[in-house]
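Here is my input; please provide its structure:
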Amino acid sequence: MTSLLVSQIYEESSKSSAAQSFNQGGFSAGCLCMTVLSATMPTALGVFPVTGILTLVTGSFLYVLPPPPTQNGLEACSKCNQDSGILTGHMGHMGVMGILAVGIEAACGTWLITTLCQMGADMAWAKIANAEFWILFAAGRLIIAPAICSLCDLRARTCIVGGAAVSILSASGSLIFPTNFIAICIAVGGIAIGIGPAFAMVISMAKDISPLTVKDSTVFTAAAIVGTAGVPSLVGGVLAMLGPSAVMLCLVLMCLILLIMASCADQQPWMLAANASTSTQSLLDA
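Now for the predicted structure:
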C-alpha cells in the first residue's frame, strides 16, 4: 500500500522513480536493522517490542501526510483504461516483470552461500559475499537509484534496462570463473546495485503508463509473493540438475529476460489514451 501512496506524490517520472526506490530502500534498510537487532539482542523476544514500536511510529506518519492533489485528466485516463480492458494486459506484463525483479534478488540471497560452499569456498568468504549483496542491495534502493534518477532525470524503463545490463555485465566474469573471489564479488555487487531498485522501478513504470489503483497494488503484492517463494524454488531445481556453478547463469538469464521485457513493453497505446483523455478534459474545462 505504501507503493500506491508514493506513486501519487509526483507526476514527473524521474521524481516518482526516485521516491519509489527510496520507499523500497527504507524497507530493505529496515530488514537489515532487524537482522542486526536479532543478532545483538540477548533473547529473540526482545526484537518483537522494538518491531512493534517502529511499526507504530512509521504507521503514524500516514495520518500526518497531506493528501495528494487530484488530477481530473489522470483520473479520466485511468477510468478509460479500466473500461477498455487495456489495463489488464498492461498490469499482467508489469506483474511478470515484478516477479522477475523480486525473484532475482530472492534467488541470489537464498542460494549464494549454499552454492559457494558447495563449490569449495570457505564459509567466511561466502558470508562476506552475502553481506556485500544485502548491504549494496539496500544502498542501491535507498541512495544510488534515487540519486541517479534525480540527477540524470531518468525514466523508470531506462533504470530497469540499465540496471539489468549492469547486472549481466558484472556477472559475466563469474560465468567463466565461478570460484574466483574477485569475480564473485563483482557479480554480487553488480546484481545488488542493478537489480535492487528494479521492483520499485517496475511499479514506477506502471504508474508512468496509467495511474495506479488498489487493484494494481494487489498485482504487485502477488508478484512479490510469487517472486520470493517461487523463483528460488525453480532455481533450486535447476541447480539440482546442473550443479551449484549454474547459479550465476540462472541469475544472468533472468536479468536478460527482464531487460528484454522492459525494452519491449509498448507504452504507446496507453500514452496515447492518456494524451487523448487529457486533451478532452482540457477542452471541457475551456
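
List the contacts of the closest residue to Thr115 other than its chain neighbours.
In this structure, Thr115 finds its nearest non-sequential neighbour in Pro244, 3.8 Å apart by C-beta to C-beta, 6 or more residues apart in numbering. Yep, even glycine has a C-beta here, placed from its N, CA and C like the rest. By C-beta atoms under 8 Å, 6 or more residues apart in numbering, the contact list for Pro244 reads 114-116, 118-119.

Identify, from these, the entry nearest to Thr158.
Thr115 (31.6 Å; C-beta to C-beta).

Can you tell me the number of residues neighbouring the closest one?
Applying other C-beta atoms under 10 Å, we find 24 residues neighbouring Thr115.

Throw the contacts of Pro244 into a markdown table and include pLDDT, distance to Asn130 and secondary structure, thanks.
Shown next, in a markdown table, are these (pLDDT from 0 to 100; distance: C-beta to C-beta, whole Å; DSSP: H, G, I helix; E, B strand; the rest coil):
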| residue | pLDDT | distance to Asn130 | secondary structure |
| --- | --- | --- | --- |
| Thr114 | 92 | 10 | helix |
| Thr115 | 93 | 11 | helix |
| Leu116 | 92 | 8 | helix |
| Gln118 | 92 | 14 | helix |
| Met119 | 91 | 14 | coil |
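
Pull out the buried members of those.
For those, a burial check counting by 16 or more other C-beta atoms under 10 Å picks out 115-116.

tell me which of the contacts of Pro244 is nearest to Ile257?
Nearest member of these to Ile257, counting by C-beta to C-beta, is Thr115, at 20.5 Å.

these two touch, right, that closest one and Leu239?
Yes: with contact defined as C-beta atoms under 8 Å, Thr115 counts as touching Leu239 (6.7 Å).

Overlap in contacts, those two.
Val247.

show me where the stretch 151-286 of the chain has helices.
156-176, 181-195, 198-209, 214-242, 247-264, 268-285 (DSSP state H, counting those that start in this stretch).

Check the average confidence over the last one, would you?
Think helix 268-285. Averaging pLDDT along helix 268-285 gives 47.

Likewise for the fourth one?
Model confidence over helix 214-242 averages 88 on the pLDDT scale.

what's that helix packed up against?
Helix 214-242 is packed against helix 2-7, helix 86-118, helix 198-209, helix 247-264, with contacts defined by 3 or more C-beta pairs under 8 Å, 6 or more residues apart in numbering; DSSP states H and E.

Check which helices and strands the helix or strand containing Ala139 is in contact with.
Taking DSSP states H and E as the criterion, Ala139 maps to helix 123-139. Other helices and strands packing on helix 123-139, by 3+ C-beta pairs under 8 Å, 6+ apart, are helix 13-40, helix 86-118, helix 181-195.

residues of the longest one that come out buried?
Within helix 86-118, the residues scored as buried using 16+ other C-beta under 10 Å are 86-87, 90-91, 93-113, 115-116.

same check, this time on the shortest one
By 16+ other C-beta under 10 Å, the buried positions in helix 181-195 come out as 183-195.

now these in a markdown table, with distance to Phe133?
As requested, the buried residues of helix 181-195 are arranged in a markdown table below (distance: C-beta to C-beta, whole Å):
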| residue | distance to Phe133 |
| --- | --- |
| Ala183 | 14 |
| Ile184 | 10 |
| Cys185 | 10 |
| Ile186 | 12 |
| Ala187 | 10 |
| Val188 | 5 |
| Gly189 | 8 |
| Gly190 | 10 |
| Ile191 | 7 |
| Ala192 | 5 |
| Ile193 | 10 |
| Gly194 | 12 |
| Ile195 | 10 |
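
farthest-separated two in those residues?
The span of the buried residues of helix 181-195, defined through C-beta to C-beta, is set by Ala183 and Ile195 at 17.7 Å.

Leaving out sequence neighbours, find the closest residue to Pro178.
Ser245 (4.3 Å).

Now for the one you found, how many residues are close by?
Other residues near Ser245 come to 15 when the count uses other C-beta under 10 Å.

just Gly243 next, same as before
A count of neighbours around Gly243, defined by other C-beta under 10 Å, yields 13.

so can I have TSV of the helices of the stretch 151-286 of the chain showing distance to Ala147?
Shown next, in TSV, are the helices of the stretch 151-286 of the chain (distance: least, C-beta to C-beta, whole Å):
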stretch	distance to Ala147
helix 156-176	12
helix 181-195	12
helix 198-209	14
helix 214-242	24
helix 247-264	21
helix 268-285	27
